[in-house]
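In: Pasted the sequence and its predicted model underneath.
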Amino acid sequence: MALTKAAERGLDNLMGPGRTKTRQEEQEAAIATEETKLAGLELSDVQYKPLSFFRSNPENAVFDELKDKSYWEGLRRDIDEARAIVNPLVATLDGLLIEGHSRLKVAFELEAGGRGLGLLPCRLVLSPLAEDEMRSRVYLGNLSRFEISEVVRDLLYSRIWPGFYYTPPKRGRPSEIGHGDQLTTTDEISEKTGQDTRQLNRSRAYFARALEFAKEHGRGEPSIEDLQKAREEANIRRREKESKALGPAGKRITRALEKLDHLATKAESAARGGRTPDKNMAKAEGIREAIALVRTALEGGN
């Protein structure tokens, strides 16, 4: 997923080496990066609000377990040393947070410890924001920052795009315009998440199988265990097919492909998190193209 030039400059200013940036430069860089993630929203200029103005968003609770002790210690140290929050929070007009939950939590902790930051920089969402769009913004903002398992990612994506994940793909030629939502929706999700469309379609198939497991137990949403079971089932079938095609060498090649797939996923996650996005996304695409070529050969394709 390509970033705008403004966002690239923002990332360079925030993360790259060089001279010490002024507070204004740091804030401008942070805003440029934030605007990429919040594209499509009308935002106010930077304002300064008291801590009491902000409310945590319950949609963010699912991500708390992804933040370990070292993450919190590092963020608290950075904010306390700067004695400021550089990257403005993003909130609705009544203070409900959209971006910046971790920064807000640290601000509350510093306030409780007698080292409050005073007024906090924020940008307010001026355009209407429906509940489902707000959930999407909160989820995608966090999913771009943290290394998470594929099954957790799929579960959260299904809550953002239920029409894609809960509707089985139609049979036929997906290249045909208007064929279900195979073309448009997959491409839209790929653009917003940076994931390869083939990977998204595989995830959709895993989710459909996991949903079958869930329904067998009277549940309307798959659990993490259901999604893991669906992936393991598909992986077993694929390994058996590849091993049969290649004989003794099949298992070694299959393990190599799985390692390559893991490397591609890490590169995609790094790109979504803003770490040399163009380079990491190109790396991921190259790895996945190589995997696809090998698997096509194993299946007897051209």
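Out: All right, it came through fine.

In: Surely residue 99 is in contact with residue 90?
Out: Yes: using C-beta atoms under 8 Å, residue 99 is in contact with residue 90, at 3.8 Å. For the C-beta atoms, the positions are set from N, CA and C on the backbone; glycine is no exception.

In: Look at those two and report which has more neighbours.
Out: Taking neighbours as other C-beta atoms under 10 Å, residue 99 and residue 90 compare with residue 99 leading, 24 against 21.

In: From residue 258, how far off is the more buried one?
Out: 35 Å (C-beta to C-beta, to the nearest Å).

In: next one: residue 188
Out: Counting by C-beta to C-beta, the gap between residue 188 and residue 258 amounts to 28 Å.

In: Can you give me the neighbour number for residue 252?
Out: Counted by other C-beta under 10 Å, the residues lying close to residue 252 total 11.

In: And the one 5 residues further on, by the same measure?
Out: Burial of residue 257 is recorded as 18 neighbouring residues (other C-beta under 10 Å).

In: go on, residue 280?
Out: Neighbouring residues of residue 280 were enumerated by other C-beta under 10 Å; the total is 21.

In: hang on, isn't it packed against residue 268?
Out: Yes: with contact defined as C-beta under 8 Å, residue 280 and residue 268 form a contacting pair (7.2 Å).

In: Between those two, which contacts overlap?
Out: Residues touching both residue 280 and residue 268 (C-beta atoms under 8 Å, 6 or more residues apart in numbering): none.

In: Output the below-cut-off pLDDT ranges for the stretch 201-302 of the chain.
Out: 242-243, 245-251, 269-275, 277-278, 298-302 (pLDDT under 70).

In: biggest strand in this structure, by residue count?
Out: strand 120-124 (DSSP state E).

In: That strand pairs with which strands, and in what direction?
Out: Strands flanking strand 120-124 in the sheet, each with its direction: strand 47-49 (antiparallel), strand 89-91 (parallel) (DSSP bridges).

In: secondary structure element for residue 293?
Out: helix 277-298 (DSSP states H and E).

In: That helix: which residues count as buried?
Out: 277, 280, 281, 283, 284, 287, 288, 291, 294, 295, 298 (16 or more other C-beta atoms under 10 Å).

In: can you tell me which of these lies nearest to residue 105?
Out: residue 277 (26.8 Å; C-beta to C-beta).

In: that older thread, off-centre distance for the helix holding residue 293?
Out: With C-alpha atoms, centre = their mean, to the nearest Å as the basis, helix 277-298 stands 19 Å off its chain's centre.

In: repeat for stretch 116-132
Out: Relative to the centre of its chain, stretch 116-132 is centred 21 Å away, using C-alpha atoms, centre = their mean.

In: Give the buried residues for that stretch.
Out: Neighbour counts over stretch 116-132 (16+ other C-beta under 10 Å) mark 116, 117, 120, 121, 122, 123, 124, 125, 129 as buried.

In: The first one touches residue 106, doesn't it?
Out: Read that as residue 116. No: counting by C-beta under 8 Å, residue 116 does not reach residue 106; the two are 11.2 Å apart.

In: measure the most centrally placed residue in the chain to residue 164 for me?
Out: Centroid-nearest residue in the chain: residue 143, 2.7 Å away (criterion: C-alpha atoms, centre = their mean). Distance, residue 143 to residue 164, by C-beta to C-beta: 16 Å.

In: can you list the strands paired with strand 120-124 in JSON lines and add distance to residue 220 and mean pLDDT?
Out: Below are the strands paired with strand 120-124 laid out as JSON lines (distance: least, C-beta to C-beta, whole Å; pLDDT from 0 to 100):
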{"stretch": "strand 47-49", "distance to residue 220": "39", "mean pLDDT": "95"}
{"stretch": "strand 89-91", "distance to residue 220": "32", "mean pLDDT": "93"}
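
In: Could you look over these and pick the most buried one?
Out: Of all the strands paired with strand 120-124, strand 89-91 has the most neighbours on average by mean count of other C-beta atoms under 10 Å, namely a mean of 24.

In: Identify all contacting residues around that one.
Out: So strand 89-91 is contacted by 34, 38, 43, 49, 53-54, 97-100, 103-104, 120-125 (C-beta under 8 Å, 6+ apart).

In: Which of the three states applies to residue 263?
Out: With DSSP: H, G, I helix; E, B strand; the rest coil as the basis, residue 263 sits in helix.

In: Also residue 219?
Out: Applying three-state DSSP: residue 219 is coil.

In: Around it, how many other residues sit close by?
Out: Neighbour tally, residue 219, other C-beta under 10 Å: 12.
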